[in-house]
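>>> output the structure for:
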Amino acid sequence: MARELWLIRHGESTANAGAASKDASSAPLTETGWLQAREVAARFERAPELIVVSPYLRARQTAAPTAERFAAVPIETWPVQEFTYLSPVRCANTTMEQRRPLVDAYWRLADPELVDGPGAESFARMLERVRATARHIEALGLDRIAIFTHGHIMQAWRLLAEHPDASDRTDMKRYFRAFLGLPIENGEWMSADAYARVARS
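Numbering: from 1, shown residues only. Okay, here's the model as predicted:
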């Protein structure tokens, strides 16, 4: 039987809904987000062997109904948190709209090695974090894993499955075009069939 790896984006958070967020990790789910989390739990046709969660609150909350449904399944926290490319120090207590000029400037520059400031991560480092996750999955040898994560991580997985050597400015621009053109919605699932290829990239 083929292995099944599900990447699941968290439900709608207060930041997604337009509220200011103190930092990248603490925005909770909205009522819509909790509904999406329950819909995710109901969608499973059989239990995963492992539930993986990002350390960020919105991902942990999204996983909660699934963890409750499959109480015997172990839960592990892995570094599959969102790609924080803008320094949290200068983005504290801002909304997505207020951050828009900084977001646009970052992606226009398209420097994969750029670290924006304290607490930020480079695009190249984020890709390596995704590759490391894939290698860890391959080493575990489990057949069914559900990973509750974030949109940027899922987009990076998609990029690496298609372009395993991605690392340069061209790849970063390709990634951002996909992010805009093929957005991953709150509560959306992605089957990561090509995880072995990502692990070996």
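>>> residue 59: how many residues sit nearby?
By other C-beta atoms under 10 Å, the residues close to residue 59 number 28. No exception for glycine: its C-beta is placed from N, CA and C like everyone else's.
>>> start at 76 instead
Sure, I'll start numbering at 76, so the last one becomes residue 134.
>>> what sits against the residue nearest the centre of the chain?
In the chain, the residue lying closest to the centroid (C-alpha atoms, centre = their mean) is residue 225, at 2.3 Å. Shown in contact with residue 225 (C-beta atoms under 8 Å, 6 or more residues apart in numbering): 84-85, 129, 131, 134, 155-158.
>>> and the pLDDT at the closest residue to residue 155 other than its chain neighbours?
With C-beta to C-beta, 6 or more residues apart in numbering as the measure, residue 224 is the residue that lies nearest to residue 155, at 4.3 Å, once sequence neighbours are left out. Here the pLDDT value assigned to residue 224 is 98.
>>> same thing with residue 268?
Here, the pLDDT recorded for residue 268 equals 67.
>>> same deal with residue 215?
Looking at residue 215, the pLDDT reads 92.
>>> now do the contacts for the closest residue to it other than its chain neighbours.
For residue 215, the nearest residue in space outside its immediate sequence neighbours is residue 125; the separation is 7.4 Å by C-beta to C-beta, 6+ apart. Contacts were defined as C-beta under 8 Å, 6+ apart; by that measure residue 125 touches 148-151, 215, 217, 219-221.
>>> same thing but 6 Å
149, 217, 220 (C-beta atoms under 6 Å, 6 or more residues apart in numbering).
>>> hey, what's it bridged with?
Per DSSP bridges, residues listed as beta-bridge partners of residue 125: residue 220.
>>> distance check, it against residue 164.
35 Å (C-beta to C-beta, to the nearest Å).
>>> try residue 239
Taking C-beta to C-beta as the criterion, residue 239 is separated from residue 164 by 34 Å.
>>> those two: which has the busier surroundings?
Under the neighbour definition other C-beta under 10 Å, residue 239 and residue 164 were set side by side, and residue 239 has more, 15 against 12.
>>> quick one: classify that one as helix, strand or coil.
When the structure is reduced to helix, strand and coil (DSSP: H, G, I helix; E, B strand; the rest coil), residue 239 reads as coil.
>>> all helices of this protein, in order?
Along the chain, counting by DSSP state H, helices occupy 106-118, 132-144, 163-166, 171-184, 198-215, 226-237, 244-256, 270-274.
>>> burial check on the residue nearest to residue 113 when sequence neighbours are not counted, number of neighbours?
Using C-beta to C-beta, 6+ apart and skipping the chain neighbours, the partner closest in space to residue 113 is residue 140 (4.8 Å). Residues near residue 140, counting by other C-beta under 10 Å, number 19.
>>> cool, residue 172 as well?
Under the neighbour criterion other C-beta under 10 Å, residue 172 is assigned a count of 9.
>>> which one of the contacts of residue 225 is nearest residue 171?
Using C-beta to C-beta, residue 157 is the member of the contacts of residue 225 that lies nearest residue 171, at 12.7 Å.
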